[in-house]
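In: Pasted the sequence and its predicted model underneath.
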Amino acid sequence: GAGVSQSPSNKVTEKGKDVELRCDPISGHTALYWYRQRLGQGLEFLIYFQGNSAPDKSGLPSDRFSAERTGESVSTLTIQRTQQEDSAVYLCASSLEGPSGYTFGSGTRLTVV
Amino acid sequence: KQEVTQIPAALSVPEGENLVLNCSFTDSAIYNLQWFRQDPGKGLTSLLLIQSSQREQTSGRLNASLDKSSGRSTLYIAASQPGDSATYLCAVYTNAGKSTFGDGTTLTVKP
């Protein structure tokens, strides 16, 4: 596609439920990143995929968070047993290769009630 | 560990003023630095990307400079307009394979 697509754009879930967030990167972009942005705060790195290499999961805040990527296409970020502190905007970015700069999606706003 | 700082956190100026936003980083071993704009409730829009070998990049009324040795970048906005009101973030990309973001400067341009 022309840009990075994220779905859903908004998600309201009950505490304790699992959620899946989807990211479709720009076609041909080998690198894909997930960041979290809490209200009024900066971007917090979560996870990074580069081609067929093992992902860098160093930013995942707990074992309730996981992410998968199919080849060099779609990625899914899964949050299990959601907590209120998981409420945030989850942003996905892709890059042709790392140093070529990021293109971001519009984000998924997650609200845990 | 790379740390990125943006000062000031907020800035308010009258329309028409030229202004400078600052970004500093602690580790000068970077591949690139990217400036983004974020409107409330929206994602990030890339404004300028400066590779480590470059000193500056220009796009319209925007000019970004990079001084790797001192760990600094500036974003210069000429003839500011109310539509420039947004949060501006800088991000530095290192050999760790990912970018580290500053917390941003929230700019308000008053008509």
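Out: Cool, the structure landed.
In: which residues touch the residue located most distally from the centre of chain A?
Out: Going by CA atoms, centre = their mean, the residue of chain A most distant from its centre is A:Val113, 20.3 Å out. With contact taken as CB atoms under 8 Å, 6 or more residues apart in numbering or on different chains, A:Val113 is in contact with A:Val12, A:Thr13, A:Glu14, A:Lys15, A:Gln84. The way it works is simple: take the backbone N, C-alpha and C, and place the C-beta from them, glycine included.
In: Quick one: which of the residues you listed is the most crowded by neighbours?
Out: Per-residue neighbour counts (other CB atoms under 10 Å in any protein chain shown) across these peak at A:Thr13, which has 16 neighbours.
In: Might you report the residue contacts of that one?
Out: Shown in contact with A:Thr13 (CB under 8 Å, 6+ apart): A:Val19, A:Thr82, A:Leu110, A:Thr111, A:Val112, A:Val113.
In: quick check, the fourth one in a helix?
Out: No: the secondary structure assignment for A:Thr111 gives strand rather than a helix, going by DSSP: H, G, I helix; E, B strand; the rest coil.
In: Nearest spatial neighbour of the residue minimising distance to the centre of chain A, chain-adjacent residues omitted?
Out: When CA atoms, centre = their mean is applied to chain A, the residue found nearest the centroid is A:Trp34 (3.5 Å). The shortest distance from A:Trp34 to any residue that is not its chain neighbour, by CB to CB, 6 or more residues apart in numbering or on different chains, is 4.2 Å, and that residue is A:Leu46.
In: List the backbone torsions phi and psi for that neighbour.
Out: Phi and psi for A:Leu46, reported as degrees, to the nearest 10, are phi -110, psi -60.
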